[in-house]
Structure formats: C-alpha cells, structure tokens
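>>> requesting a structural model of the entry that follows:
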Amino acid sequence: MRSRLPPNVHGYLNRHGKAVFYLRRPGAPKIRLRGYPGSPEFMAAYEAAKGGRQADQLGAGRTKPGTVNAAIVSYYSSASWKVLSKSTRSSRRALLERFREECGAFQVAGMHSVALQKIFNRKTPAAQRNLVKALRGWVEHCLALKMIRSDPLREVMLTKMPRTGGHHTWERSECEQFEKHYPLGTRARLAYELLLQAGQSRCDVVRMGLQHVRDGMIAMERQKTDIRFNVQVMPRLQAAIDAMPVKNHLTFLITSQGKPFTAAGFGNHFRDLCRAAGLPARCTSHGLRKAAAAYLAENGATDHQLMSWFGWASISQAQRYTRAANRTKMARDAARLISGTGIGSPSDPVSQNQSQLIEKTGAGK
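Reported below is the predicted structural model:
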C-alpha cells in the first residue's frame with residue numbers, strides 16, 4: 001500500500017530514477033527535503049522547512065557560494081523573479097529545478113555554451129525553447145551580479161522546429177459535430193461556447209464567472225500575462241449560460257464535485273468530451289481559440305481589435321490572423337474578377353476525342 005506524504009510534500013522520480021521530495025507551499029520557494037519520508041533525516045528536514053528555513057540553510061553543501069545551485073537560490077529571491085506571474089514562476093521553477101539537479105554543484109563562473117549545448121541536444125525542439133525561456137532570466141540575473149562575464153546562451157544553437165502549424169484550428173464541420181452531440185443545457189456545450197465565443201485560453205475560461213460580466217462585457221486579466229481583455233457576451237454564449245441550472249458558484253464551469261476546474265484538468269476533460277463526440281485527436285480547447293481569432297479576422301476585425309479581444313501583447317500575434325484573412329479575401333475577390341472571362345481555359349476548346357491536324361515543322365516538313 002502506498003504511504004501518504006506529509007502535507008505540502010511532493011515527490012517525483014528524477015532522470016536517474018531517484019525519488020526526490022520537496023516542501024511546496026503557496027507563495028513560498030520550494031525546499032528540497034533530504035532522506036526518505038518517515039526517516040529521521042527526512043522528518044528533521046521537514047520540520048525545519050515548515051519553520052521557514054530556506055534550502056541553503058537546510059543543506060550548506062547544496063548551496064556553496066559560487067555554484068549554479070547558489071545562483072538559482074539567489075535568482076528566486078530577486079525582484080526580476082517575483083514580478084513574473086504565478087503560472088510563469090511555476091512552470092519555470094520546474095525547469096530550473098531539473099537543471100539544478102543536473103548542474104547545481106558546478107561553478108557558475110565556469111558555465112559555458114558547449115556544456116549547455118550538450119544539455120540542449122538531449123531535448124526536443126519544443127523543450128529546448130522552454131528551457132531557454134526559463135534560463136534567460138536567470139542568466140541575466142547572473143550577469144547583473146557579475147557571477148558570469150558573458151552570456152553562455154548566446155552561442156547555443158536550437159534545433160529547428162518542425163513545421164506543424166501549431167494547434168489545429170477547428171473546421172466548421174467539426175464545430176457542428178460537437179454542437180450536435182452536446183445540446184444547450186449541458187456543461188460540455190457551455191465549455192465549448194465559452195472557448196469559441198469568448199476565445200480565451202483554458203486557464204482564463206476556467207476562472208470566468210458572472211462577477212466578470214459588466215454591461216454585457218466580460219472583462220478580465222489574462223492569468224499568463226496580466227494583460228486585460230474585454231469580450232462581448234454574444235447571444236450564443238448568453239443562451240448557453242442561461243440554459244444551465246442556476247448555482248451559487250464563482251465560475252461558470254465546475255467539476256462533477258462542484259469545484260472549479262484547474263487549467264490542466266479542464267484541458268484533459270475537454271479532450272475526453274471531444275473523443276466522446278467522435279472528433280479527431282487534433283481537436284483541442286486551444287484550437288477553438290484559434291477558430292475564434294480566424295473568424296473575427298475574416299469578418300474584418302483589425303489587428304488592434306483582435307489584440308483587445310484576445311489580450312495579446314504583440315501585434316504580430318494578431319497579424320498572423322489578419323494576413324491569412326486578407327489572403328483569403330483577395331483570392332475570393334480575384335475569383336470574382338476573372339469569373340466569366342475564360343481565363344484558365346482555351347478560347348477554342350478542343351475535344352480530346354477528335355483527331356487533329358498536326359502541322360509539320362523543321363527538317364521533316
């Protein structure tokens with residue numbers, strides 16, 4: 001029978017197959033706990049960690065001055081780390097801790113691009129880019145404090161990403177299939193309409209509730225970037241909200257236990273809904289956000305209107321959709337211009353079944 005871990009203790013197997021345990025409390029740095037749960041060494045570390053002692057106090061050998069380990073601990077205490085959003089800190093901390101497990105004992109001053117390149121070469125193209133994002137802020141912190149003299153990431157070469165086009169944008173037939181399977185009044189349909197009509201990420205959709213609606217508009221800040229967005233509650237979305245039983249919850253979407261979804265939990269739940277509706281695996285929650293952006297762009301929304309609706313910080317994100325919409329519109333306009341002109345076919349069509357005279361040229365004439 002699996003033994004239960006103490007409160008706020010989380011564990012996982014590292015790449016060497018070794019069990020690693022941490023004390024993780026909201027708003028506090030993650031603290032490594034040595035030993036195995038239940039052992040005197042572990043319980044002593046656990047009690048010290050609960051008292052607020054940091055990792056460098058729990059194990060002096062783990063954070064020797066000048067090591068990568070100590071530099072990462074220093075970064076966690078910096079202002080540049082604390083200004084990041086909670087979700088960004090969570091994802092980057094996980095990557096930094098894995099890097100710390102592998103390289104923590106090495107001197108940070110000796111960190112060079114060749115060593116980093118070997119680490120990156122073992123990862124997929126997507127994982128390489130995620131690690132760069134996590135290491136970038138830490139490296140800048142080290143440069144600012146003169147821990148290192150040059151940027152070791154500058155010469156690291158990333159593997160080229162395969163051309164996948166990103167998440168699949170839902171097609172009209174796929175939307176119709178989902179709507180047919182889940183009628184109004186179902187939680188699945190409400191989730192679908194929130195994703196498509198509001199066009200927001202799953203981490204924001206799971207936080208939406210009536211308290212965010214003012215004068216027919218949903219106004220929130222994106223969890224990932226803290227950028228404010230404003231979305232009109234369209235008739236279809238309002239109909240999906242009104243069709244649900246009235247419940248005293250702060251979020252539109254709740255689990256079968258009556259609790260709000262987590263972003264990851266909702267993603268898995270929506271994937272199961274799509275599978276039950278007979279949709280292909282390519283249909284995901286994020287694909288509906290892309291479908292919403294494409295629809296608005298094709299109906300004339302400008303770059304800045306899309307930025308306001310979807311909470312994008314960069315105009316380049318909006319231009320991807322407006323450029324695609326403009327190409328589609330220009331192709332349709334071109335088709336109307338040449339319609340009936342005979343362009344693309346010969347002015348005097350010749351039947352393939354009729355024998356034709358062939359004029360001889362050259363020496364055989």
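
>>> pLDDT score assigned to residue 350?
As predicted, residue 350 sits at a pLDDT of 48.

>>> what segments of the stretch 101-250 of the chain are helices?
Secondary structure of the stretch 101-250 of the chain (DSSP state H, counting those that start in this stretch): helices at 113-121, 125-144, 172-181, 187-193, 202-205, 235-242.

>>> any idea how far the second one is from the chain center?
Going back to what we said before, that points to helix 125-144. In terms of C-alpha atoms, centre = their mean, to the nearest Å, the centre of helix 125-144 is found 17 Å from the chain centre.

>>> do the fourth one as well
Averaging C-alpha positions (C-alpha atoms, centre = their mean) puts helix 187-193 21 Å from its chain's average.

>>> which stretch among the helices of the stretch 101-250 of the chain comes nearest residue 105?
Closest approach to residue 105 among these (C-beta to C-beta): helix 113-121, 13.0 Å. Placement of C-beta: from N, CA and C, glycine included.

>>> tilt between that closest one and helix 125-144?
150 degrees (axes from the mean of the first three to the mean of the last three C-alpha atoms, to 10 degrees).

>>> against which helices or strands is helix 113-121 packed?
When contacts are defined as 3 or more C-beta pairs under 8 Å, 6 or more residues apart in numbering; DSSP states H and E, helix 113-121 packs onto helix 86-103, helix 125-144.

>>> any buried residues in the first one, and which?
Neighbour counts using 16 or more other C-beta atoms under 10 Å place 88-89, 91-93, 95-100, 103 of helix 86-103 among the buried residues.

>>> can you check the last one too?
Using 16+ other C-beta under 10 Å as the burial criterion, the residues of helix 125-144 that qualify are 128, 130-132, 134-135, 137-139, 141-142.

>>> how about the helices and strands packed on helix 113-121, which one is nearest residue 298?
Nearest of the helices and strands packed on helix 113-121 (C-beta to C-beta): helix 125-144, 28.8 Å.

>>> which helices and strands does the closest one pack with?
On the basis of 3+ C-beta pairs under 8 Å, 6+ apart, helix 125-144 makes packing contacts with helix 68-76, helix 79-82, helix 86-103, helix 113-121.

>>> now these as a markdown table including distance to residue 257?
As requested, these are exported to a markdown table (distance: least, C-beta to C-beta, whole Å):
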| stretch | distance to residue 257 |
| --- | --- |
| helix 68-76 | 34 |
| helix 79-82 | 33 |
| helix 86-103 | 23 |
| helix 113-121 | 41 |
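
>>> just send those back as JSON lines, with mean pLDDT and distance to residue 287 too.
Below are the helices and strands packed on helix 125-144 laid out as JSON lines (pLDDT from 0 to 100; distance: least, C-beta to C-beta, whole Å):
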{"stretch": "helix 68-76", "mean pLDDT": "90", "distance to residue 287": "35"}
{"stretch": "helix 79-82", "mean pLDDT": "90", "distance to residue 287": "33"}
{"stretch": "helix 86-103", "mean pLDDT": "89", "distance to residue 287": "21"}
{"stretch": "helix 113-121", "mean pLDDT": "93", "distance to residue 287": "29"}
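
>>> before we move on, the earlier item: which one of the buried residues of helix 86-103 is nearest residue 330?
residue 88 (38.6 Å).

>>> give me every residue that touches the closest one.
With contacts defined as C-beta atoms under 8 Å, 6 or more residues apart in numbering, residue 88 is in contact with residue 224.

>>> ok, 6 Å please
With C-beta atoms under 6 Å, 6 or more residues apart in numbering as the criterion, no residue contacts residue 88.

>>> likewise residue 194?
residue 205.

>>> any idea how far it is from residue 35?
46 Å (C-beta to C-beta, to the nearest Å).

>>> sorry, back to before: residue 284: which of the helices of the stretch 101-250 of the chain is closest?
Between the helices of the stretch 101-250 of the chain, helix 202-205 lies closest to residue 284; by C-beta to C-beta that is 9.1 Å.

>>> restricting to C-alpha, output the closest one in CSV.
Output of helix 202-205 as CSV, limited to C-alpha atoms (Å, rounded to 0.1, in the frame of the first residue of the first chain):
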residue,chain,number,x,y,z
ARG,A,202,-8.3,27.5,-20.9
CYS,A,203,-6.6,29.0,-17.8
ASP,A,204,-8.8,32.1,-18.2
VAL,A,205,-12.0,30.3,-19.2
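
>>> other SSEs contacting it?
helix 263-276 (3 or more C-beta pairs under 6 Å, 6 or more residues apart in numbering; DSSP states H and E).

>>> about what we covered before: which one of the helices of the stretch 101-250 of the chain lies nearest to residue 4?
helix 202-205 (29.1 Å).

>>> quick one: distance of the closest one to the chain centre.
11 Å.

>>> gap between the closest residue to residue 269 other than its chain neighbours and residue 160?
Leaving aside its chain neighbours, residue 269 sits nearest to residue 261 (6.8 Å; criterion: C-beta to C-beta, 6 or more residues apart in numbering). Distance, residue 261 to residue 160, using C-beta to C-beta: 35 Å.

>>> residue 266 touches residue 206, doesn't it?
Yes - look at residue 266 against residue 206 with C-beta atoms under 6 Å: they come within range, at 5.0 Å.
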